[in-house]
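> Have a look; sequence and predicted model below, questions after that.
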Amino acid sequence: MVRQRFDSAVQSYIELEDWDAVRKRLIKDTEKKRSHKIYKRNMSALHLACNHNPPADIIKLLLGANPDATLCRSQPYGQLPLHFATGYNTCSVDVIQQLVEVCPSSVSAQTTQGVSPLHQACTFHAPYEVIEVLAVASPEALYIEDANGRTPWDIAKVTYFLYNPKYWKILYILSGGRTKRIKGRAYTFPVGSL
């Protein structure tokens, strides 16, 4: 098997958050090779970009070139681009909306540790609009348990301040996961995805 040529310039520009340079490279790439390449840890350009809070037009270019990248799992935990978008450096609502529109099933996708994008958003204190987009796109994601048996509600009640009215809408949306469960939806590791 021949290894794909590594385009370190695109990776470097994304990691430096030089969005103008990334934009130029993607627009000039008429064969869409840069969007289809696999970078470090089995990550696509979409994964890399979602990890750095990109502008919405960059995500649009990447999705236009390679919409299948939304289902590509990275190593070692099997994260989708949506996991990165809802993680530590939470992306804008526009970016998350684009990812969800292209692949609504990614909202319920779990890593090898059982973490869904909604778990991730709650862990990293995402704004109400992000939680709303995820919950509306996949209501069953409210009831998914991670490997430790925690739903997004269990995480949110620790990370969001219960006494701050600003967060009550978020906690209200997520509270359904506290008592309800989907029958037969116990946590299972993703099979064959890595």
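Cool, the structure landed.
> When you work out contacts or count neighbours from here on, use the C-alpha atoms and nothing else.
OK.
> Residue 149 and residue 126, how far apart?
21 Å (CA to CA, to the nearest Å).
> So for these two, which residue has more residues nearby?
residue 126 (24 against 11; other CA atoms under 10 Å).
> which ones are touching the more buried one?
Residue 126 is in contact with 86, 90, counting by CA atoms under 8 Å, 6 or more residues apart in numbering.
> Pull up the gap between it and residue 21, please.
In terms of CA to CA, residue 126 sits 28 Å off from residue 21.
> do the same with residue 81
Residue 81 sits at a distance of 21 Å from residue 21 (criterion: CA to CA).
> Hmm, residue 24 and residue 58 touching each other?
No - taking contacts as CA atoms under 8 Å, residue 58 lies outside contact range of residue 24: 10.1 Å.
> If you count surrounding residues, which of the two has more?
residue 58 (20 against 10).
> where does the chain dip in pLDDT?
Of all residues in the chain, those with pLDDT under 70 make up the ranges 1-7, 33-36, 176-194.
> Could you find the closest non-adjacent residue to the residue nearest the centre of it?
For the chain, the residue nearest the mean C-alpha position is residue 82 (1.4 Å; CA atoms, centre = their mean). Among residues not flanking residue 82 along the chain, residue 117 sits closest, at 6.2 Å (CA to CA, 6 or more residues apart in numbering).
> next one: residue 49
Nearest to residue 49 is residue 14, by CA to CA, 6+ apart, at 6.0 Å.
> just checking, the one you found is part of a helix?
Yes - counting by DSSP: H, G, I helix; E, B strand; the rest coil, residue 14 is part of a helix.
> Pull the number of nearby residues for it.
Residues near residue 14, counting by other CA under 10 Å, number 24.
> got the contact list for it?
22, 48, 49, 52.
> From those, which land in helices?
22, 48, 49 (DSSP state H).
> so which of those residues would you say is closest to residue 145?
Closest approach to residue 145 among the ones in helices among the contacts of residue 14 (CA to CA): residue 48, at 26.5 Å.
> Comparing residue 81 and residue 21, which residue is more hemmed in?
residue 81 (28 against 16).
> Residue 52 is in contact with that one, correct?
No - in this structure, residue 81 is not within contact of residue 52 by CA under 8 Å, at 11.0 Å.
> Tell me which stretches of this protein form helices.
According to DSSP H, the helices that the chain contains are 8-15, 19-28, 33-36, 45-50, 56-65, 81-85, 93-102, 117-123, 128-137, 152-159, 168-174, 176-179.
> and of those helices, who's closest to residue 72?
helix 81-85 (7.7 Å).
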